[in-house]
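>>> got a structure for you, letters missing:
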């Protein structure tokens, strides 16, 4: 009785092909690609998910090519697909940073910036970082990370490895997601924008009436206090709107 291991190269090739796309997408996807998650944990999760997806998508993958250059070309294609789809999915979370920047500016906290936990080496408004981290926590709490996994799986149906890179469709989708995320960010910050317009208009009129008094300097603590009060009152509604946006965008990515 002889034990054949001739099937190992084919299995290893398919597994690496799956890992090329899954690992790249997982590096950029919302929640799973967050910078606060250690790199080793993300790598382990990508390896495990590739193993889980193997029996589900291996039949959709092309056969092993004859030469090493063909295999490298197909893996490069899969990495490019992962970068495109993962990058588009990452734009969904930009609504939090847009809203946070607008809110911080209206509250007078635009210079109060800290390291963005979701993006290593990037500074962001402290309000935006708070909203972003709270949004990631809610994604896991409301089981929306299942949509992230579904989007990765559905990508093999929508964009199979044999299909040429979809630069036109990707550009159109990226513009749509970026525009929608910017719109949602402005909508989240709209109460603070209205407050800022009224508050600073009043301060401007008061400054004209009392030019000797440093009105804007004196009223700065009041603006910050009222801003935090509004944030406390509206945070629940804001995060509900934000999570609805994330769910809608992830559902669109799943086809």
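Done, it's in. Predicted model only: the values in this text are computed from it and were never measured. Numbering: from 1, shown residues only.

>>> use CA for all of it now, contacts and neighbours both
OK.

>>> so, low pLDDT: which residues of this protein?
For the chain, the stretches with pLDDT under 70 are 1-8, 112, 114-122, 255.

>>> how does it look with 80?
When residues are selected by pLDDT under 80, those of the chain lie in 1-11, 30-39, 61-68, 70-71, 108-125, 165-166, 210-219, 253-255.

>>> can you give me the strands in it?
113-115, 123-125 (DSSP state E).

>>> neighbouring strands of the last one in the sheet, and parallel or not?
Read that as strand 123-125. Sheet pairing here is set by DSSP bridges, and for strand 123-125 it gives strand 113-115 (antiparallel).

>>> residue 227 and residue 239, how far apart?
From residue 227 across to residue 239, the span is 17 Å (Cα to Cα, to the nearest Å).

>>> which one's more surrounded, these two?
Each of residue 227 and residue 239 has its neighbours counted (other Cα atoms under 10 Å); residue 227 has more, 22 against 18.

>>> surely the more buried one touches residue 107?
Yes. Contact criterion Cα atoms under 8 Å: residue 227 and residue 107 qualify, at 5.4 Å.

>>> what sits in contact with each of the two?
With contacts defined as Cα atoms under 8 Å, 6 or more residues apart in numbering, the residues shared by residue 227 and residue 107 are residue 192.

>>> just the helices in the stretch 101-250 of the chain please.
126-141, 145-158, 167-209, 215-253 (DSSP state H, counting those that start in this stretch).

>>> out of these, which is closest to residue 26?
Ranking the helices of the stretch 101-250 of the chain by proximity to residue 26 (Cα to Cα) places helix 145-158 first, at 8.3 Å.

>>> can you list contacts of that closest one?
22, 25, 29-32, 53, 57, 60, 139, 247, 250-251, 253-255.

>>> next, the angle from that helix to helix 215-253.
Relative orientation of helix 145-158 and helix 215-253, computed by axes from the mean of the first three to the mean of the last three Cα atoms, to 10 degrees: 50 degrees.

>>> how far off centre is helix 145-158?
15 Å (Cα atoms, centre = their mean, to the nearest Å).

>>> distance check, the residue most central in space within the chain against residue 222.
The centre of the chain sits closest to residue 90, judged by Cα atoms, centre = their mean, with a distance of 2.9 Å. Counting by Cα to Cα, the gap from residue 90 to residue 222 is 36 Å.

>>> residue 249 now?
Relative to residue 222, and taking Cα to Cα, residue 249 is found at 37 Å.

>>> so for these two, which sits in the more crowded spot?
residue 249 (20 against 14).

>>> give the contact list for the nearest residue to the more buried one once chain neighbours are set aside.
Once flanking residues are discounted, residue 249 sits nearest to residue 92: 6.9 Å by Cα to Cα, 6 or more residues apart in numbering. Each residue near residue 92 by Cα under 8 Å, 6+ apart is listed here: 30, 177-178, 181, 246, 249.

>>> tell me the contacts of residue 100?
So residue 100 contacts 125-129, 131, 185, 189 (Cα under 8 Å, 6+ apart).

>>> from those residues, pick the one nearest residue 40.
residue 129 (23.4 Å).

>>> surely that closest one meets residue 97?
Yes. A contact is recorded between residue 129 and residue 97 when judged using Cα under 8 Å, the distance being 6.9 Å.

>>> quick check: neighbours shared by these two?
By Cα under 8 Å, 6+ apart, no residue touches both residue 129 and residue 97.

>>> returning to that earlier point: wait, which of the helices of the stretch 101-250 of the chain is closest to residue 75?
It's helix 145-158; of the helices of the stretch 101-250 of the chain, that one is closest to residue 75 (Cα to Cα) at 13.8 Å.

>>> ok, back up a step: wait, the residue nearest to the centre of the chain touches residue 30, no?
Yes. Using Cα under 8 Å, residue 90 is in contact with residue 30, at 5.7 Å.
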